[in-house]
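Participant: Please work out how this folds:
(chains A, B and C)
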Amino acid sequence: MLNKSNRINKDKDFDRAFKTGQSFYTKDFGLKAVDNGVDKIRLGILISTKVSKKAVVRNKLKRQIKEIVQTELPALKPGKDLVLIIFSQILDKNFGEIKSLIISALKKLKLYI
RNA sequence: UUAGAGUAAGCGGGCGAUCGCCUCGAAUUUACUUCGGGGAGGAAAGUCCGGACUUCGCAUUUUGUUUAUUUAUAAACAAAUAUGAUAGUGGGUAACGCCCACCGGCCAUCUUUUACGGGAUGAGCAAGGGAAAGUGCCACAGAGACCAUACUAAUUCUGGAAAUUUAUUGACAGAAUCAAAAGUGAAAAGUGGCUGGAUGUCCUUCGGGGCUACCGGCUUCGGCCUUCGGUGACGAAGAUGCCGUGGUAAACCCUAUCAGAAGCAAGAGCAAACUAACUCGUCCGCCUCGGCGGAUUAGUUAGACAAAGUAGCUCGCUCGAGCCCGUUAGCAAUGGUGGGCCUAGAUAAAUGAUCGCUAGAACAGAAUCCGGCUUACGGCUGCGCUAAUAAC
RNA sequence: GCCGCGGUGGCGGAACUGGUAGACGCGCUGGACUUAAAAUCCAGUUGUAGCGAUACAGUGCGGGUUCGAUUCCCGCCCGCGGCA
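Facilitator: Numbers count the residues shown, from 1 in each chain, chains lettered A, B, ... in the order given. Okay, here's the model as predicted:
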């Protein structure tokens, strides 16, 4: 899991990522990336109740995605805020499929060193 | 032994490998290093009730009492009023619409009676105050849905205006007949049953028997009454003197009891505190008496500033109507008492991710904290019940 | 965390104080007009079974009150919206 300093926890940071960030969308999720002025990668995840009404399902998805980013963290460029927006299509995918999709999205935005 | 329905007393995966998160404590080289402890539920859910806690208010008008003084205001208390909720009785509780026990009702089984009915059992059901305070509603059908037998016609009788031929016609009014209360309807005005006389009618083996207008007698049920038992709901017995009142209050309503409002984004503290606009309060001045101008406090919105202008940081925040074991009062819910224990505290929100073995593993994720209710739930255990089979 | 509103044929939307559920519009089906179509007009249309008469089910779901429930009461499910 991610350390506290690797999370986005301010409404303003989310707004900035939405307004000025680079985008990459698939039918499973969307990814926003923006410079944050800090020497860290920070992650925020959005899952609405429209994805699933069960809190258990939403929490599990968040934990799995955090785990994926955690393992990729040493290979990424520091100083970026990442925001992931999850859509309901992702419920059909297993852990391995989600992992490869997110890694390819990170490569598209050229976030690797 | 197997299966089933039920109840809810207990449980709600385990082991291993790799990589991580939150929090508390200790150590050091003060590094987001190392070591050690702890880390979701029986429903954490729905938000349907009830409390604790916090802030605001003492709300509305009227009445009464007390206190204070500036003698018409302020404060406190009580009653009435409005709105909402609850509804057999007693108990439990911080409180409840919850829980326990009991009472009455319904249902099932057994039993008893000529019959209505009575008695027993149930780990069966159940929102169960008042319909002889009042109002409303009861479709269709029906005379009538609560002033019971309407309205119209016909016939008869009685009274009788008026007309004339003075004993006839009879407007009009009243009563009866028609008219059986069958039938209609969810419901029909006297509550169910037994029985005597009597009328009519049918059957008859001529002994009698069936049905029945009407007039009684006894009894059941319910109400008024008396006595006894029970804290009480109520029960039992007596007295036969009087009475028989449709349903619906999950229609208005009446009666009794209870309730101030908002919610941890409650609320408290800390740092910073510049400008503009608006709103409310207070003070000063002017006056056309209602506004204008100025100052100040609080709040809201927008902008500026390394950051924040607020969902910032700290507290509230987890020791509590707490859990476990024993003992004691009580039918029980539950209470008293002795000993032991400390058992999540996050905040874009930790309590895990991936893989392997096991057995295929449900419903589901704390957010101030508790007590209930309701709903979801694969499997295992406990308990009594029902059915089948086997043995004795 | 707190608080409202709604759910009726294929679709929108009625049904007033409980009394024959589905008015009205759109759509759909069949027919007329046309060489053919559109437009227009006529008829039908909740579902299932049936040639039909008719029967059964039916207002999100499950109970209850009542002679009788779309309507009243209780508990759930789903959808939409608001406040801090």
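
Participant: Okay, and A:K27 sits in which element?
Facilitator: A:K27 is part of no helix or strand, with elements assigned from DSSP states H and E.

Participant: Show the pLDDT at it.
Facilitator: In the predicted model, A:K27 carries a pLDDT score of 80.

Participant: can you pull out the helices in chain A?
Facilitator: Assigned by DSSP state H, the helices in chain A fall at A:11-20, A:55-72, A:95-108.

Participant: Just want the most central residue of chain A.
Facilitator: Of all residues in chain A, the one closest to the mean position by CA atoms, centre = their mean is A:L84, 3.5 Å from it.

Participant: from memory that one sits against A:T26, does it?
Facilitator: No: between A:L84 and A:T26 there is no contact under CB atoms under 8 Å: 11.1 Å. Every residue, glycine included, has its C-beta placed from N, CA and C.

Participant: which regions of chain A lie under the pLDDT threshold?
Facilitator: Counting by pLDDT under 70, the low-confidence segments of chain A come to A:1-2, A:9-12, A:15-16, A:19, A:36-38.
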